[in-house]
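Participant: Need coordinates for the below:
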Amino acid sequence: MTTAQKPENKVQQTRTVTDLVEYIQALTTEIQELYSLDQIPWVVGYSGGKDSTATLQLIWNAIAALPIEKRKKTIHIITTDTLVENPVVSVWVRKSLESMRTAAKEQNMPIEPHLLQPEIKETFWVSLIGKGYPTPRGKFRWCTDRLKIHPSNRFIRDVVRVNGEVILILGTRKAESIKRAISMEKHQVGSLKDRLVSDSSLPTSLLYHSPSLPNSLIYSPIEDWRTDEVWIYLNQQQNPWGYSNKDLFTMYRGATADNECPLVVDTSTASCGDSRFGCWVCTIVSKDKSMEAMIQNDEEKEWMQPLLDIRNELDNRDDRNKRDFRRIWGEVQLFERNVEGEISVEPIHGPYTKYWREHWLRRLLEAQTQIRRTAPENMRDITLITLEELSEIRRIWLEDKHEFDDSLPRIYQEVTGEEFQDPRPGADYSLLGRDEWIVLEEICEGDAMHLELMAKLLDTERQYRKKTRRVGIYETLEKCFNTSSRSPEDAIKNARLKRELSEAVSQGDVAKVKQMTLGDVAATDEVDEDESENDEQVTWASMKFKNKETTP
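Facilitator: Take a look at the predicted model:
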């Protein structure tokens with residue numbers, strides 16, 4: 001058997017083009033033998049970048065060299081579309097998948113491309129505009145799991161459920177980062193020689209356990225390749241599904257970084273924050289250098305400026321003035337903040353307020369409308385937010401946040417000039433609407449917390465009105481009072497008192513606990529002079545009944 005021999009690192013640094021060609025030939029044989037070894041299905045991760053393209057091209061060419069009767073095992077190609085991908089890359093990937101599907105049929109290849117997407121309830125805009133999640137940050141990176149890991153893992157688990165096992169083929173390379181190299185070595189199972197021919201003395205590619213997916217092994221054929229070797233291979237070998245690798249190189253050219261946004265299956269995979277091609281809304285890094293470069297270097301891509309403007313507006317490191325003083329579940333939660341050496345206890349701000357959620361929706365629809373008018377013909381059908389996402393946002397605002405003024409259809413019509421057609425059955429039927437909301441605003445006279453409480457109470461009653469058994473209505477109404485009956489100042493003060501009491505209890509400070517419970521009550525109620533003179537003991541009973549008139 002011919003195996004893909006992996007030189008030591010010091011040798012790898014001086015690997016010549018001739019060495020690379022020989023190495024690719026050995027890799028081809030290795031891939032063919034691994035493919036023919038068993039019936040375990042393969043899943044190839046494809047993001048449209050250079051590493052995943054090189055990996056898929058290796059796999060395609062190796063299997064295409066097998067006789068047709070040996071191409072029995074299906075190879076799934078999966079791409080995750082987060083719905084907020086860089087539009088240029090998104091179009092590139094979609095058309096690439098279409099070319100793969102056509103070429104696979106023409107060449108009798110057992111390849112099935114799949115375009116995966118996050119569930120509607122987990123998309124970026126449903127999370128940010130609907131639920132009010134603040135933009136992702138280093139310590140609150142909620143986007144990776146929802147947009148990337150969950151869709152790919154769902155597909156892989158479905159394959160495992162049917163077949164019992166799966167081999168993932170990824171374009172990960174140790175040269176990407178030290179962190180990635182450590183992660184790969186940590187989860188390695190062993191060399192392929194143990195799986196293919198146990199008596200071979202030559203080192204071969206390694207298999208890795210997936211840290212998050214059971215019964216899943218990871219095969220990375222280009223794990224020890226350098227970046228220049230990836231480009232040498234892509235520029236010297238014709239793309240087997242008919243796409244242009246030179247166009248791919250052109251997409252990469254001109255930016256400062258040379259990292260792609262990989263298919264993510266676990267949290268050990270590097271973030272897309274520093275990549276060339278990631279989400280256009282990404283706020284993990286300070287600037288979207290790739291989109292800026294595209295706009296500056298190519299007049300035909302100036303139409304993307306509205307996207308960059310929105311991304312930069314979202315990237316506000318101190319957006320507490322745009323967010324609720326409570327967490328998303330309605331509770332005030334405090335933290336110690338160190339500002340120039342001074343410690344202050346402040347609330348952790350939660351979701352965006354109603355005003356700012358509506359603002360982001362309007363800005364997004366304005367950008368979509370403008371792009372559809374000014375972009376090149378092949379990009380004018382761009383969709384920044386889908387109809388299904390808009391429907392789910394509307395549902396969240398109406399049912400979860402009790403904002404029965406139903407502002408989404410109005411904003412949509414004002415910006416686009418078109419009537420919003422909600423696909424959700426019964427979405428347009430409601431007892432309460434904008435007219436009732438305006439009346440409620442007048443009654444509350446600018447008191448935002450009073451308006452919120454009244455809206456929650458009214459809408460809670462509406463939600464329970466048709467139920468045969470109104471089980472849980474009292475608990476729901478009680479929650480409305482607990483979260484919305486206090487002013488912001490009173491709610492924060494109450495949270496601080498609870499914090500101090502909890503600290504006193506944990507420290508065993510009995511005197512402070514008494515002062516903050518029984519002591520506070522006693523201090524607010526003055527004791528009669530006669531009672532003081534008689535040295536009567538203050539008890540709960542005496543405080544409760546001291547002002548009660550007694551009959552003779």
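
Participant: where does the stretch 451-552 of the chain dip in pLDDT?
Facilitator: With pLDDT under 70 as the threshold, the stretch 451-552 of the chain has low-confidence stretches at 518-552.

Participant: For this structure, which segments are assigned as strands?
Facilitator: Listed in chain order, the strands of the chain (DSSP state E) span residues 42-45, 75-80, 111-116, 166-169, 188-191, 206-209, 216-219, 334-339, 342-347.

Participant: and the second one, what other elements does it pack with?
Facilitator: In terms of contacts (3 or more CB pairs under 8 Å, 6 or more residues apart in numbering; DSSP states H and E), strand 75-80 is packed against strand 42-45, helix 50-64, helix 87-106, strand 111-116, helix 150-163. For the C-beta atoms, the positions are set from N, CA and C on the backbone; glycine is no exception.

Participant: same for the last one, what does it pack against?
Facilitator: Taking 3+ CB pairs under 8 Å, 6+ apart as the contact definition, the neighbouring helices and strands of helix 150-163 are strand 42-45, strand 75-80, strand 111-116, strand 166-169.

Participant: what residues does the second one touch?
Facilitator: The contact list for strand 75-80 (CB atoms under 8 Å, 6 or more residues apart in numbering) reads 41-48, 56, 59, 63, 93, 97, 100, 109-118, 147-148, 151-152, 155, 159, 263-264.

Participant: Also the last one?
Facilitator: Residues outside strand 166-169 that contact it (CB under 8 Å, 6+ apart): 34, 40-45, 55, 59, 156, 159-160, 207, 210, 213, 215-221, 265.

Participant: Next, the contact list for V281, please.
Facilitator: V281 sits in contact with V84, F124, T135, I310, R311, L314, where contact means CB under 8 Å, 6+ apart.

Participant: if we go to 6 Å?
Facilitator: Neighbour list for V281: V84, R311 [criterion: CB atoms under 6 Å, 6 or more residues apart in numbering].

Participant: shaky segments in the chain?
Facilitator: 1-14, 175-209, 253-277, 518-552.

Participant: Identify the residue nearest the geometric centre of it.
Facilitator: Among the residues of the chain, C143 comes closest to the average C-alpha position under CA atoms, centre = their mean, at 1.6 Å.

Participant: Now that one: closest residue in space that isn't a chain neighbour?
Facilitator: Among residues not flanking C143 along the chain, P136 sits closest, at 4.6 Å (CB to CB, 6 or more residues apart in numbering).

Participant: What distance do you get for the one you found to Q107?
Facilitator: Using CB to CB, to the nearest Å, one obtains 41 Å as the distance from P136 to Q107.

Participant: Neighbour count: the two, which is higher?
Facilitator: A direct count of neighbours by other CB atoms under 10 Å for P136 and Q107 places P136 higher, at 23 against 15.

Participant: Contacts only, for that one.
Facilitator: Remark: with contacts taken as CB under 6 Å, 6+ apart, P136 is in contact with W142, C143, T283.

Participant: Let's have those residues in a markdown table, adding distance to I77.
Facilitator: A markdown table is the format used below for the contacts of P136 (distance: CB to CB, whole Å):
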| residue | distance to I77 |
| --- | --- |
| W142 | 28 |
| C143 | 24 |
| T283 | 30 |
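
Participant: List just the nearest of those to E165.
Facilitator: Taking CB to CB as the measure, C143 is the one of these closest to E165, at 30.0 Å.

Participant: Distance check, the closest one against W397.
Facilitator: Distance, C143 to W397, using CB to CB: 21 Å.

Participant: same question, R317
Facilitator: Remark: distance between R317 and W397 (CB to CB) = 27 Å.

Participant: These two - which one has more neighbours?
Facilitator: Between R317 and W397, counted using other CB under 10 Å, W397 has the larger neighbour count: 24 against 8.

Participant: That one touches D405, doesn't it?
Facilitator: No - because the distance of 8.9 Å does not satisfy CB atoms under 6 Å, W397 is recorded as not touching D405.

Participant: List the buried residues for stretch 362-375?
Facilitator: By 16 or more other CB atoms under 10 Å, the buried positions in stretch 362-375 come out as R362, R363, L364, L365, A367, Q368, T369, I371, R372, A375.

Participant: Repeat that for stretch 69-87.
Facilitator: Counting neighbours by 16+ other CB under 10 Å, one finds that the buried residues in stretch 69-87 are 71, 73, 75-87.
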